[in-house]
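**Student:** Build me a structure from this.
(2 chains, ligands or ions: 1)
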Amino acid sequence: MTSAEFSTLCLYAAYSAIAIYVIAFIAFALDLAKRSGDAQIAATAALKAQSRQSALAGASASAGSTGSAGGTLLLERTDVTEPGETARRSSKFERIGISMMVLGLAVHIASVVFRGLAAGRVPWANMFEFGLTGTALIVGVFLLVNLVVDLRYLGAYVMGLNLILLGVAVVNFYVTVSPLVPALQSYWLVIHVFVACLGTAFFAIAGGLSAAQIIQERREASKNAGIKLFDTLPGAERLEDLAYRIALVGFVLWTFTLIAGAVWAEKAWGRYWGWDTKEVWTFIIWVIYAGYIHARATRGWRGARSSWLSLVGFAAVMFNFSIVNLFFKGLHAYSGL
Amino acid sequence: MARSSDSNGPVEPAEPQVDGTSDRTDERADPLRPSDHIDSVEQVDSDSGITQPKLGFVGYLRFFWRQLTSMRTALLLLMLLALAAVPGSLVPQTSSDPNGVVQYKTDHPQLYPILDKLGLFSTFTTPWFSAVYLLLFISLVGCIIPRVKHHLEALRSAPPKTPARLSRLAGFQTHQAPTVTGDTAPVSAEIAVATARQHLRRAGYRTRVYGDSVSAERGYLRETGNLVFHTALLGVLVTVGIGGGFGYTGQRVVVEGQTFSNVLGSYDSFNPGRFFSDSQLKPFNIAIDKFTVKYEDKIIDAIGTPTDYTTYVTTSQPGQASKKTTIKVNDPLSIGGSNVYLLGNGYAVDVTVRDGEGNIALKDTIPFLPQDSNLTSLGVIKVPDAKPTQLGMIGFFYPSATKLSSGALASNYPDDINPKLTLSVYAGDLGLDDGVPRSVYELDTVGLKPIAATGSNAVEKPLTLEPGQTVKLPNGLGSVQFNDVKRFVSLDIHHDPTQIYVLVFAILIVLGLLTGLFVPRRRVWVKAVQGDDGLRIEYAGLARGEDPTLERAVDDLAKKHLAALTPKTASDRRKVSS
Ligand code: HEM
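**Tutor:** A predicted model of the protein is given here:
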């Protein structure tokens, strides 16, 4: 097949992925609507569940005494389960959403591969390609994280964000395949840019959790006022923990991105750090997340306050990807537009 | 369920209540934290209440120091640092984009002086930016030193005493002790504890037996990682700050066929560090044999995009055989402790100028600076030795010349497929003898007489030449011969002996971060308790910092420990007895 044919396939696949993601988005949105309904119905049940919860704590202590000598174990992974996560079996909509997401991702990955074949190199060298690959990573990371801990309530957020980013990439940032300019011809392109996109994916999910945390905390403070569907989500503290852990992974990846970028800059431009606009923003993002990590360990900054920092950090990531790439002048002029 | 991590939950207060001595051992084993850290016990006004009345000079210093090294200050300074860096991306910086600054000055004549006063064109060296990061790093030093001292002690101290009641701790479980083989009596407390200790040791815990219990702690590496991380941050700053002074950077434009010698005089521009001395310039020569460019020729939309730059060079150093090698973008040449980068390139025109008296006044290859992506290039030819008057020329070089509908020339491809040179020629005193340094890329035509140029008072139109052509100048002032087209490369030569240390610190940052964040620090206890119904074994853990897997770990330990104590199956027993 020729490069042009692969390019065409890439676009077909990208549009198909968007269509499938739309279905997934609708399914997740319906699930959220259903959650609201469920929450209303379960308002009383939730109260009961709460008392059961405290009973459970006592029961776990006595469970051992009835256990036989061979060591009956509390197989339940108590650290992962929380009211919102187990009390509720996944809804039909949620299952459809996840299935569509997996299907969409498969088509999406095909699109990325076609683009790579069309270009004869890794497909992350201009804005369209960052967008295409980066959004696939967001979905991929989200699905992987879901294998460890249930975050399906974020499905609508992830799909919404993804539709916007992928849509803009395909519609506004599309450029035909072009060869790499000499400054980009380096294995560091493969490593540095990929890890940056991966870090972004973790920050995106952490951002969603932090936003949920802020709403949840407000609700908890005002005793169940506000949006009912948040009854079916984990508590504010749990959301905060999850956001923090996922952001930590993002932070480590970002730290690596920063250092790998410096090593590459030394090779390509003859200096490892020169306060180029893109370098400045990578640094700013890194410092904001370092601040977020500190905030979580600072008395008086737990909870919504630190969550806001996580959101500021993610806003900076998005700003760096869009505005800085498009409108700021600098050596990293690789938007391709 | 009690919150497993971060002991601001109900777990922490339980300990001192139960066992008054355990909190003292805790303090020794726990990482030292600023007083406003989430893990440290809140001391409500204990400082201010007592010390405020007699807060003398030293008191103030101490108070100030404690503020500076608090978590809150570190957080504030980090946020300030992020904020302070923003302007550096909004306006061009002198260090990275000097032309942009000049452009900004002409575009925003009103705003420029104000921003300039604020130092916004060199944001990262302004006093306010420096103040933020210096304060941050003082705070960091103040934070690290006591923590390192404390941690070194903690590394040598024993795990803290087992709390009297484990039931309120994370992952608590209690089991009937298994019975001994062929017997109805349960295992003894000593055996249970000794076995547990063995297990914990093997799992990397530091252990200590207190009566019928074993106390174990692991994850000192977490604090080690955190300290390595913060210290390496300091390391980077100090190395960058001081190390920059030991090196130099220099630029030089070299045409194919020419040789660069690493002596001060042969640089076009040179920026020595503070501690630079001439002896740092190691003697070496780089002869530029050939420079090639490849252009995209298949993908329609990208035709003419350069896809490869290669400089073929021959290097020589005293006492060594000369070597043939290449310099490419992303692939610098390392020689004599310096790195040589290929950062730019363009065309140079090889011309011979004869003066009015028929003598060769100039024979040189002159670099022309690229003006656009099709490499229309602009250059200046100065002929100070021409008689009877000096000559100056402003030239345009078109590697692939086409005529526009207006009649003007333009280049429509970057390779030299149809090279043409146009020259506007001026005669008169070039002003080279008055000692004022002049750029070789500029010609001040004020006071010169245009002899072949656009404009009504010129004798002739500008000259147009192809390689090999010779054109006579008007008024019998001589002739210009366009011999050949060559390429030039613009080399950056950098010497930074401390760069490698920066890299080492950067790697330590990543390693420290990984261990500091992902190694769990936890305490685990196994305790044998005599109950009404016989011997029971209790298990529990306590997280020190983020530790999402603590309960699973306690669970695993209980499972393995009980399995080890449980009677062997019949076949096993036979094996043992035989
Ligand atoms: C240059 C500025 C700083 C940066 C970029 C920075 C960054 C970080 C990062 C990324 C972590 C988490 C990594 C780990 O646990 O290994 C961390 C943790 C920590 N930092 Fe800093 N830090 C800075 C300055 C400071 C200062 C000045 C202090 C002293 C007040 C401080 C105290 C701490 C403490 C106590 C922790 C442990 C937090 C916890 O228990 O979770 N840091 N810092």
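**Student:** which stretches of the stretch 201-337 of chain A form helices?
**Tutor:** For the stretch 201-337 of chain A, the helices defined by DSSP state H, counting those that start in this stretch occupy A:236-269, A:277-296, A:304-319, A:325-327.
**Student:** Could you do the stretch 351-500 of chain B as well?
**Tutor:** Here the stretch 351-500 of chain B has its helices, by DSSP H, counting those that start in this stretch, at B:499-518.
**Student:** Any idea how many residues pack against the residue of it found nearest the ligand?
**Tutor:** The nearest approach of the stretch 351-500 of chain B to the ligand comes at B:T498, 19.4 Å away (CB to the nearest ligand atom). Any C-beta I mention is one placed from the backbone N, CA and C, and that applies to glycine too. Using other CB atoms under 10 Å in any protein chain shown, B:T498 has 18 neighbouring residues.
**Student:** Now do the contacts for the closest residue to the ligand within chain B.
**Tutor:** Closest contact between chain B and the ligand, by CB to the nearest ligand atom, is at B:G516 (2.2 Å). By CB atoms under 8 Å, 6 or more residues apart in numbering or on different chains, B:G516 lies in contact with B:R222, B:E223, B:T224, B:G225, B:N226, B:L227, B:V228, B:F229.
**Student:** quick one: A:L258 and A:I284 touch, right?
**Tutor:** No - using CB atoms under 8 Å, A:L258 is not in contact with A:I284, being 10.9 Å away.
**Student:** picking that back up, and the closest residue to the residue of the stretch 351-500 of chain B closest to the ligand other than its chain neighbours, what is it in contact with?
**Tutor:** Nearest residue to B:T498, sequence neighbours excluded (CB to CB, 6 or more residues apart in numbering or on different chains): B:G243, at 2.8 Å. Under the criterion of CB under 8 Å, 6+ apart, the contact list for B:G243 reads B:D496, B:P497, B:T498, B:Q499, B:Y501, B:V502.
**Student:** Doesn't B:T326 belong to a strand?
**Tutor:** Yes - secondary structure of B:T326 (DSSP: H, G, I helix; E, B strand; the rest coil): part of a strand.
**Student:** Just give me the neighbour total for B:E357.
**Tutor:** 12.
**Student:** longest helix in chain A, by residue count?
**Tutor:** Among the elements of chain A assigned as helix by DSSP state H, the one spanning the most residues is helix A:3-41.
**Student:** average pLDDT across it?
**Tutor:** On average, the pLDDT along helix A:3-41 is 90.
**Student:** Would you map the helices across chain B?
**Tutor:** Counting by DSSP H, the helices of chain B are B:11-18, B:22-29, B:46-51, B:57-68, B:71-85, B:87-90, B:98-107, B:111-117, B:127-154, B:189-202, B:220-243, B:499-518, B:550-565, B:570-577.
**Student:** Of those, which is nearest B:L404?
**Tutor:** When the helices of chain B are compared by CB to CB, helix B:98-107 sits nearest B:L404, at 26.4 Å.
**Student:** residues contacting the residue nearest to B:T126 when sequence neighbours are not counted?
**Tutor:** Computed as CB to CB, 6+ apart, the closest residue to B:T126 that is not its neighbour in sequence is B:G119, at 3.6 Å. Listed by CB under 8 Å, 6+ apart, the contact set of B:G119 reads B:T125, B:T126, B:P127, B:W128.
**Student:** Using a markdown table, lay out the helices of the stretch 201-337 of chain A together with mean neighbour count.
**Tutor:** Putting the helices of the stretch 201-337 of chain A into a markdown table (neighbours: other CB atoms under 10 Å in any protein chain shown) gives the following:
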| stretch | mean neighbour count |
| --- | --- |
| helix A:236-269 | 22 |
| helix A:277-296 | 23 |
| helix A:304-319 | 21 |
| helix A:325-327 | 15 |
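**Student:** what's the least confident stretch among those?
**Tutor:** That would be helix A:325-327, which, of all the helices of the stretch 201-337 of chain A, carries the lowest mean pLDDT at a mean of 79.
**Student:** so how far is it from its chain's centroid?
**Tutor:** On the basis of CA atoms, centre = their mean, to the nearest Å, helix A:325-327 sits 23 Å off its chain's mean C-alpha point.
**Student:** can you tell me if it touches chain B.
**Tutor:** No - against chain B, helix A:325-327 shows no contacts by CB under 8 Å from any CB of the partner chain, the least distance being 10.4 Å.
**Student:** Close to chain A: what parts of the stretch 351-500 of chain B are there?
**Tutor:** Neighbours of chain A within the stretch 351-500 of chain B, by CB under 8 Å from any CB: B:D492, B:H494, B:Q499.
**Student:** So the residue positioned nearest the centre of chain A versus A:I18, what's the distance?
**Tutor:** In chain A, the C-alpha nearest the mean C-alpha coordinate belongs to A:I205, at 2.6 Å (CA atoms, centre = their mean). In this view, A:I205 and A:I18 are 20 Å apart by CB to CB, to the nearest Å.
**Student:** ok, B:Q93 - contacts?
**Tutor:** Applying CB under 8 Å, 6+ apart, the residues near B:Q93 are A:W275, B:G100, B:V101, B:F121, B:S122, B:T123, B:F124.
**Student:** For the stretch 51-200 of chain B, give me the ranges with low pLDDT.
**Tutor:** Along the stretch 51-200 of chain B, the model assigns pLDDT under 70 to residues B:51-54, B:180-186.
**Student:** Then chain B?
**Tutor:** By pLDDT under 70, the weakly predicted segments of chain B are B:1-29, B:41-54, B:180-186, B:435, B:567-578.
**Student:** on that earlier part again, can you list the helices of chain B in JSON lines and add distance to B:P283?
**Tutor:** As requested, these are exported to JSON lines (distance: least, CB to CB, whole Å):
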{"stretch": "helix B:11-18", "distance to B:P283": "67"}
{"stretch": "helix B:22-29", "distance to B:P283": "59"}
{"stretch": "helix B:46-51", "distance to B:P283": "63"}
{"stretch": "helix B:57-68", "distance to B:P283": "49"}
{"stretch": "helix B:71-85", "distance to B:P283": "41"}
{"stretch": "helix B:87-90", "distance to B:P283": "39"}
{"stretch": "helix B:98-107", "distance to B:P283": "31"}
{"stretch": "helix B:111-117", "distance to B:P283": "42"}
{"stretch": "helix B:127-154", "distance to B:P283": "37"}
{"stretch": "helix B:189-202", "distance to B:P283": "61"}
{"stretch": "helix B:220-243", "distance to B:P283": "24"}
{"stretch": "helix B:499-518", "distance to B:P283": "22"}
{"stretch": "helix B:550-565", "distance to B:P283": "62"}
{"stretch": "helix B:570-577", "distance to B:P283": "77"}
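**Student:** Now the phi/psi pair for residue 275, please.
**Tutor:** Picked chain A for this. Here is the backbone geometry of A:W275 (degrees, to the nearest 10): phi 50, psi 40.
**Student:** actually chain B
**Tutor:** phi -100, psi 20.
**Student:** What's the local residue count around residue 153?
**Tutor:** Unless you meant another one, I'm taking chain A. 24.
**Student:** try again with chain B
**Tutor:** Burial measure for B:E153: 12 neighbouring residues, criterion other CB under 10 Å.
**Student:** Quick check: closest non-adjacent residue to A:G313.
**Tutor:** Distances taken as CB to CB, 6+ apart put A:I288 closest to A:G313, at 4.3 Å, once the chain neighbours are dropped.
**Student:** For stretch B:155-165, which residues meet the burial criterion?
**Tutor:** Using 16 or more other CB atoms under 10 Å in any protein chain shown as the test for burial, stretch B:155-165 gives B:P159, B:P160, B:K161, B:T162, B:P163, B:R165.
**Student:** what's the answer for stretch B:323-330, then?
**Tutor:** By neighbour count on 16+ other CB under 10 Å, the buried set for stretch B:323-330 is B:T326, B:I327, B:K328, B:V329, B:N330.
**Student:** wait, doesn't the last one sit right on A:K267?
**Tutor:** Read it as B:N330. Yes - the pair B:N330 / A:K267 is scored as a contact, 5.1 Å apart, by CB under 8 Å.
**Student:** Chain A contacts on the stretch 51-200 of chain B?
**Tutor:** For the stretch 51-200 of chain B, the residues in contact with chain A (CB under 8 Å from any CB) are B:71-72, B:74-75, B:78-79, B:81-82, B:85-86, B:88-89, B:92-93, B:95-97, B:100, B:123-124, B:167, B:171-179.
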